[in-house]
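Q: Sequence plus predicted model, see below.
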Amino acid sequence: MNYINLFSKWLSTTPLSDTVAASRWIVPASQIVHFFGLALLFGMAGMLDLRMLGVGRGIAIGEFSRRMLPWAGFGFLLNVITGFIMFAGAPNMFYHNRAFGYKMLFIAIAGLNVLVFYVTGVARKVEALGSGDDAPWSAKVVAGLSLFLWVGVMFWGRMLPFLGNAF
Amino acid sequence: MHFLEWLEQTGFSVWIRESGTVWSYPFIIFLHTMGLGFLVGPSIAICLRICGFAKAVALGPMEKFYPVMWAGFWINVASGVAMLMTEATTKMISPVFYIKLVFVAAAVWMMHLLRTSVFHNRAVLEMKSLPMKSRMMAGALMMCWAGAITAGRLMAYIGPGSTPK
């Protein structure tokens, strides 16, 4: 049973889907907010990743992680919402688009990476660090992976109109 | 107009626009998106901090991210010029495009002003609450990024050469 396929097919029959597909402004507006979200998410999380990798050593990692990461989370939330709206406009098209599949896969792995960061206690070690401190190797691995994965998400997102089926 | 047409027909422009490989236009526009991530993200973090969020994070060290932001900016200048060349006859006469450039220019100028008036001013850096002027500029800078991103995205839907829904 391919539940995602079933869900896409069902979604395409909903009023939400019809509204988004018929509207001239919903997708452009969603895309604009989607780009804000990505700037917030990639900018803040990317900044933290770079700091963990040693850029800008004067920045107190712990405080930055605690205070600025929620903005990255907010950006991600904006993107989940606007992403879902855009997906709803043409669920079957996205479902059959290879780039979309890879994008979701990369997001899932990035999410796992974040989970690992918190669950294995690496986050706790990082939050105890201050200005001038070097992050532990486990944090550097998470940071490097995070940068690669989110750049990948942006890559697959940008490729949506070009790879797989026509838009 | 002849010059714009000429720009669109150079070997480079034709390759980007028509080669059909994922490594031409799609890759260039991906670089543009990544550049904006590296430029706007840290800029917003710095602006939020100047406005008073997350005061426990020292402001001074955040200056170390200026090279990252400038790298993003130059990636976008290069990728932007490449894309512009492929659509010179339509984008160079698009009001939306020029609005975007104005927002970007204002943003970059404010980034520089903040660097000199805040980061290079030890007295200001050590204040608990930064001066209203700095905070207003940081707020205005964030608005400019919002404007630039909006205008940039709308270029695909409004104005010459766009594909309105």
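A: Cool, the structure landed. Numbers count the residues shown, from 1 in each chain, chains lettered A, B, ... in the order given.
Q: now residue 133, nearest residue through space, not along the chain?
A: Here I'm looking at chain A. A:I61 (6.6 Å; Cβ to Cβ, 6 or more residues apart in numbering or on different chains). C-beta here means a position set from N, CA and C on the backbone, and glycine is covered the same way.
Q: Not quite, go with chain B.
A: Setting aside the residues directly before and after it, B:K133 is nearest to B:S117 in space (Cβ to Cβ, 6+ apart), at 7.8 Å.
Q: three-state assignment of that neighbour?
A: helix (DSSP: H, G, I helix; E, B strand; the rest coil).
Q: Tell me the residue of chain A that sits nearest chain B?
A: Using Cβ to the nearest Cβ, the closest approach of chain A to chain B is made by A:G43 at 0.8 Å.
Q: Surely B:L113 touches B:M137?
A: Yes. Contact between B:L113 and B:M137 holds when scored by Cβ atoms under 8 Å: they sit 6.4 Å apart.
Q: which other residues reach stretch A:75-89?
A: The contact list for stretch A:75-89, computed with Cβ atoms under 8 Å, 6 or more residues apart in numbering or on different chains, reads A:11, A:14, A:16-17, A:20-21, A:26-27, A:30-31, A:33-34, A:36-44, A:94.
Q: can you pull the contacts of the residue nearest to B:M92 when sequence neighbours are not counted?
A: With sequence-adjacent residues excluded and distances taken as Cβ to Cβ, 6+ apart, B:M92 is closest to B:L4, at 5.4 Å. Residues counted as contacts of B:L4 (Cβ under 8 Å, 6+ apart) are B:88-89, B:92-93.
Q: try 10 Å this time
A: Neighbour list for B:L4: B:84-85, B:87-93 [criterion: Cβ atoms under 10 Å, 6 or more residues apart in numbering or on different chains].
Q: Residue 14: what's it in contact with?
A: Since you didn't name a chain, this refers to chain A. A:T14 sits in contact with A:20, A:88, A:91, where contact means Cβ under 10 Å, 6+ apart.
Q: my bad, the chain I had in mind was chain B
A: Residues touching B:V14, when contacts are defined by Cβ under 10 Å, 6+ apart, comprise B:8, B:24, B:85-86.
Q: Can I get the contacts of A:T14 in TSV including secondary structure, neighbour count and pLDDT?
A: What follows is the contacts of A:T14, written out as TSV (DSSP: H, G, I helix; E, B strand; the rest coil; neighbours: other Cβ atoms under 10 Å in any protein chain shown; pLDDT from 0 to 100):
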residue	secondary structure	neighbour count	pLDDT
A:V20	helix	20	93
A:A88	helix	22	95
A:P91	helix	23	93
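Q: how about those in CSV, adding distance to B:S162?
A: Output for these, formatted as CSV (distance: Cβ to Cβ, whole Å):
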residue, distance to B:S162
A:V20, 19
A:A88, 23
A:P91, 25
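Q: in which helix or strand would I find the residue nearest the centre of chain B?
A: For chain B, B:V104 is the residue whose C-alpha lies nearest the centre (Cα atoms, centre = their mean; 5.1 Å). Take DSSP states H and E as the rule and B:V104 turns out to sit in helix B:95-114.
Q: in that helix, what's buried?
A: Buried residues in helix B:95-114, counting neighbours by 16 or more other Cβ atoms under 10 Å in any protein chain shown, are found at B:96-97, B:99-100, B:103-104, B:106-108, B:110-111, B:114.
Q: now, the most widely separated pair of those?
A: B:V96 and B:L114 (26.9 Å; Cβ to Cβ).
Q: Let me see the contact set for A:V141.
A: Contacts of A:V141 were listed using Cβ under 10 Å, 6+ apart, and they are A:52, A:113, A:116-117, A:122.
Q: still on that earlier bit, so the residue nearest to B:M92 versus chain A, what's the distance?
A: When distance is defined by Cβ to the nearest Cβ, to the nearest Å, B:L4 is 25 Å away from chain A.
Q: So for that residue, what's the pLDDT?
A: The predicted local distance difference test score for B:L4 is 85.
Q: Mind checking what secondary structure it has?
A: helix.
Q: For B:R122, grab the count of nearby residues.
A: For B:R122, the tally of surrounding residues (other Cβ atoms under 10 Å in any protein chain shown) stands at 8.
Q: B:G60 is in contact with that one, correct?
A: Yes. With contact taken as Cβ atoms under 10 Å, B:R122 and B:G60 are classed as touching, separated by 8.5 Å.
Q: Without its sequence neighbours, what residue ends up closest to whatever residue of chain B ends up closest to chain A?
A: Scanning chain B for the residue nearest chain A gives B:G41, at 0.8 Å (criterion: Cβ to the nearest Cβ). If you skip the residues right next to it in sequence, B:G41 has A:G43 as its closest partner in space, 0.8 Å away by Cβ to Cβ, 6+ apart.
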